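> attaching a predicted model along with its sequence, questions to come.
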Amino acid sequence: MNLVFLGINEAGEEVLEWLKQKENVDIKAVIEEREGLQKIKDLRPELVVSSGFEHIVPKQIIQIPEKGIINLHPSYLPHNRGAHPYIWPLIEDTPAGVSVHFMNEGIDEGPVIARKKVEKRPDDDAESLRERLMKEQAELFKDNWDRILREEAWEQNLEEGSFHLKSDLDEISNLDLEKEMTLREAINLLKGLTFGDKKLASIDEEYFVGVNIEKE
């Protein structure tokens with residue numbers, strides 16, 4: 001099977017190496033930039049796998065592979081479609097998880113091949129949750145390779161889920177100290193806005209804030 005790979009995040013690296021070991025799979029290209037999508041037109045692969053590709057794929061490209069384009073998304077679809085899916089489960093208390101789905105014209109709206117919930121821990125922040133999601137995402141893909149080849153999937157009920165743009169994060173990053181919320185909501189907000197050295201949460205866009213929760 002001729003295959004093209006789109007994007008390359010931690011889960012994508014593991015999946016790509018796994019696919020390289022399969023005798024019946026021939027990786028024709030790894031594409032990380034939008035300009036590289038032309039290669040799909042030229043190569044006309046049977047299958048495309050996307051993991052961490054941060055560009056919208058046009059309809060005319062999606063229609064080329066005989067078996068479609070498979071996307072690995074680090075959320076429990078239809079929850080948290082779109083940007084930063086490892087942040088919103090902490091802030092909005094929605095399910096965290098991973099999904100493998102067929103790509104269509106909508107953002108993370110295609111039929112789901114497999115999905116799995118991932119537990120949120122009391123000491124999680126966005127970075128620690130994302131790290132676990134990457135590991136679970138690769139395993140979910142490998143465990144469901146046969147379903148991918150059989151093209152088994154079900155349609156999402158988008159009304160049950162949620163969607164976020166990148167700009168949604170900007171709207172909450174400058175903390176409003178006068179906003180009323182419970183202590184739980186405040187902690188969850190800071191957990192979602194804590195990601196290593198990245199300065200996501202600020203006060204007056206001058207003082208940067210995070211939270212560190214440690215188990216005894």
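Sure thing, it's come through.
> longest helix of this structure?
helix 126-143 (DSSP state H).
> per the record, what domains does the protein have?
Residue ranges for the domains of the chain, per automatic domain parsing: 2-163, 167-209.
> in CSV: those, plus mean neighbour count.
From N, CA and C alone the C-beta is placed, and that goes for glycine too. Formatted as CSV, the domains of the chain follow (neighbours: other CB atoms under 10 Å):
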stretch, mean neighbour count
domain 2-163, 18
domain 167-209, 14
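> determine the set of other helices and strands touching the lowest-mean-pLDDT helix or strand in the chain.
Ranked by mean pLDDT, DSSP states H and E, the weakest helix or strand in the chain is strand 198-199, scoring a mean of 88. Packing partners of strand 198-199 (3 or more CB pairs under 8 Å, 6 or more residues apart in numbering; DSSP states H and E): none among the helices and strands.
> starting at the chain centroid, how far to that strand?
Relative to its chain's centre, strand 198-199 lies at 20 Å (CA atoms, centre = their mean, to the nearest Å).
> and the helix or strand just after it, what does it pack against?
The first helix or strand that comes after strand 198-199 along the chain, using DSSP states H and E, is strand 201-203. When contacts are defined as 3+ CB pairs under 8 Å, 6+ apart, strand 201-203 sits against strand 207-209.
> again, 10 Å this time
helix 166-173, helix 183-192, strand 207-209 (3 or more CB pairs under 10 Å, 6 or more residues apart in numbering; DSSP states H and E).
> which residues are contacting it?
169, 172-177, 189-190, 192-195, 207-211 (CB atoms under 10 Å, 6 or more residues apart in numbering).
> can you show me the strands along the chain?
Along the chain, the segments classed as strands by DSSP state E run 2-6, 26-31, 47-50, 69-73, 81-82, 97-102, 112-117, 163-164, 194-195, 198-199, 201-203, 207-209.
> among those, where is the model least confident on average?
Mean pLDDT per stretch puts strand 198-199 lowest among these, at a mean of 88.
> parallel or antiparallel, list what pairs with that one.
strand 194-195 (antiparallel) (DSSP bridges).
> export the strands of the chain as a markdown table, with columns for distance to residue 184.
Shown next, in a markdown table, are the strands of the chain (distance: least, CB to CB, whole Å):
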| stretch | distance to residue 184 |
| --- | --- |
| strand 2-6 | 38 |
| strand 26-31 | 43 |
| strand 47-50 | 36 |
| strand 69-73 | 27 |
| strand 81-82 | 25 |
| strand 97-102 | 21 |
| strand 112-117 | 21 |
| strand 163-164 | 21 |
| strand 194-195 | 16 |
| strand 198-199 | 23 |
| strand 201-203 | 17 |
| strand 207-209 | 17 |
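> fine by me, thanks again.
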